[in-house]
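1. The following block contains a protein sequence and its predicted model.
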Amino acid sequence: MAGRQDYISVQELDFDQQAEYQALIRDNPGDGAVVTFTGLVRNQNQGKRILSLTLEHYPAMTKKSLEQIVQQARSRWPLGRVRLIHRIGRLELGQQIVFVGVSSTHRQAAFEACEYIMDYLKTRAPFWKKEQTEEGDHWVEARDSDHHQAGRW
Amino acid sequence: MIRVLFFAQLREVLHCHELSLAGPFNDVAALRNELMSRGEPWQEFLQPGKALVAVNQTLEEDSRELKSGDEVAFFPPVTGG
């Protein structure tokens, strides 16, 4: 189980970065560092112009896997609060896909844990992207580089 | 009885989201072999390198033992984030 200081959500709705940041710092005077990451739908991938994305997931497993990833991060770094949001469904260019926010006493733990959570999310959490392009729809292929990134930890 | 689920590209190429198989299957490898023996496209797309497996919503290896009532999901390498 993830701790009480964790907020993990898988949702179709967009999220408000400022509200997420406030939730990380509000009444939290012991933490001197907050690191956040936001992933967006970009306009091209591997030479193709992207029109939109559709994100599929495995509902029974998704939240459980995200909780495990956050719990692993907590076992490695002294973290205060963790907020992790991943969107599903159809997303247009420039829209937000994923948010990771981490607070800690000092910056190094927050930087590293934020990157660790994203690296593991990209290789362990059951989400799949389908891209809509001018040449039709196709499933995104997993990248070896993501596994190298996760393998660093 | 084993509940078997398929996701993403795998669900589309197999034209199948969910199956129930009586088994018994000793482990994931035995279940995977049974499904691959259905011929194409099962043979190609369920190869261990192409299809990851989760048992009861946790990623597992093919050596994972199975028992009746387990939920086994096969899916392509994940691409979220």
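-> Everything's here; your move.
2. residues in contact with the residue of chain B found nearest chain A?
-> Among the residues of chain B, B:Gly80 lies nearest to chain A; the distance is 2.6 Å by Cβ to the nearest Cβ. Just so you know, the C-beta spots here come from the backbone N, C-alpha and C atoms, and that holds for glycine as well. If you count contacts by Cβ atoms under 8 Å, 6 or more residues apart in numbering or on different chains, B:Gly80 has them with A:55, A:57, A:86, A:97-98, A:121-122, A:125-129.
3. What residues does whichever residue of chain A sits closest to chain B make contact with?
-> Closest to chain B within chain A is A:Phe127: 2.6 Å, counting by Cβ to the nearest Cβ. By Cβ under 8 Å, 6+ apart, A:Phe127 lies in contact with A:55-57, A:62, A:86, A:88, B:78-81.
4. does A:Glu131 count as helix, strand or coil?
-> Reducing the assignment at A:Glu131 to three states with DSSP: H, G, I helix; E, B strand; the rest coil gives strand.
5. show me the contacts for it.
-> Neighbouring residues of A:Glu131 by Cβ under 8 Å, 6+ apart: A:45, A:48, A:50, A:52-53, A:137-140.
6. okay, among those, which ones form the most distant pair?
-> Pairwise distances across those (Cβ to Cβ) peak at 14.1 Å, for the pair A:Ser52 and A:Trp139.
7. of these two, who's got more company?
-> Between A:Ser52 and A:Trp139, counted using other Cβ atoms under 10 Å in any protein chain shown, A:Trp139 has the larger neighbour count: 18 against 15.
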